[in-house]
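Visitor: Okay, here's the prediction I keep looking at, along with the sequence it came from:
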Amino acid sequence: DVKVTQSSRYLVKRTGEKVFLECVQDMDHENMFWYRQDPGLGLRLIYFSYDVKMKEKGDIPEGYSVSREKKERFSLILESASTNQTSMYLCASSSTSGLGGLGYNEQFFGPGTRLTVL
Amino acid sequence: KQEVTQIPAALSVPEGENLVLNCSFTDSAIYNLQWFRQDPGKGLTSLLLIQSSQREQTSGRLNASLDKSSGRSTLYIAASQPGDSATYLCAPDWAGGTSYGKLTFGQGTILTVHP
């Protein structure tokens, strides 16, 4: 069965702290993604990775960085947490298929981490 | 840039009704389109994936159609049940530029099915 897990369901941090959110998938997927979801703004892509040590910025990368040292694990880092980073964070993974690595199979999501920054 | 619109924003129906959720997207150059459901406070659950070369996909009481040229997808739910109550999201995988499965999400349709 497909499984994407996230390290915490709920997290409370203080302004200025460095925050690590971890995501692990057991499907040997090449691609992994970090989104945040906010009321009225929907899901927005922060960063994604298409291979180990490879990453690309999404639509809202400011204030975030990522790390992918192993294929199954993708970490989101808030370098100095701020109150406007209070949000639901969702991790996802997918497999690449098609010619030249374009296209993909189904994208699977983790349960989400509700982060509150005080 | 791809933009996705879902109509209606909210829908409340009695149990047993057949219903239709609509999704439109501005750029028809997509690889595929995925429908998800999301329960309150939870992650997304994949329902159906339609490849750009397909017209529809079915899973149980769900049927999703895709008209790529007109930028539309429709999710049909047959014989709705209270357990179907959730937010439904559509997400095309836009082929603009290099793509590694980056989805663009609509705002969703909040569905309530009452007994």
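Guide: Nice, thanks for sending it over.

Visitor: So is whichever strand in chain A runs longest next to chain B?
Guide: Secondary structure of chain A per DSSP state E: the longest strand is strand A:42-51. Yes - judged by Cβ under 8 Å from any Cβ of the partner chain, strand A:42-51 and chain B are in contact via A:G42, A:L43, A:L45, A:F48, A:Y50. For every residue, glycine as well, the C-beta is placed using N, CA and C.

Visitor: Which element is encountered next along the chain beyond that strand?
Guide: strand A:54-57 (DSSP states H and E).

Visitor: if we can go back for a sec, emit the ChimeraX select command for whichever of the residues of strand A:42-51 next to chain B are buried.
Guide: Buried residues within the residues of strand A:42-51 next to chain B, by 16 or more other Cβ atoms under 10 Å in any protein chain shown, are selected in ChimeraX with:
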select /A:42,43,45,48,50
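
Visitor: Between the residues of strand A:42-51 next to chain B, which sits nearest A:F33?
Guide: A:F48 (4.4 Å; Cβ to Cβ).

Visitor: Let me see the contact set for residue 42.
Guide: Since you didn't name a chain, this refers to chain A. A:G42 is in contact with B:F105, B:G106, B:Q107, B:G108, counting by Cβ atoms under 8 Å, 6 or more residues apart in numbering or on different chains.

Visitor: please go with chain B instead
Guide: Counting by Cβ under 8 Å, 6+ apart, B:K42 has contacts A:P111, A:G112.

Visitor: Can you check the pLDDT for it?
Guide: Per-residue pLDDT puts B:K42 at 90.

Visitor: How about the one 3 residues further on?
Guide: Per-residue pLDDT puts B:T45 at 94.

Visitor: what does A:E106 give?
Guide: Reported pLDDT for A:E106: 83.

Visitor: Near it, how many other residues are there?
Guide: Neighbourhood size, A:E106 [other Cβ atoms under 10 Å in any protein chain shown]: 19.

Visitor: Thank you, goodbye.
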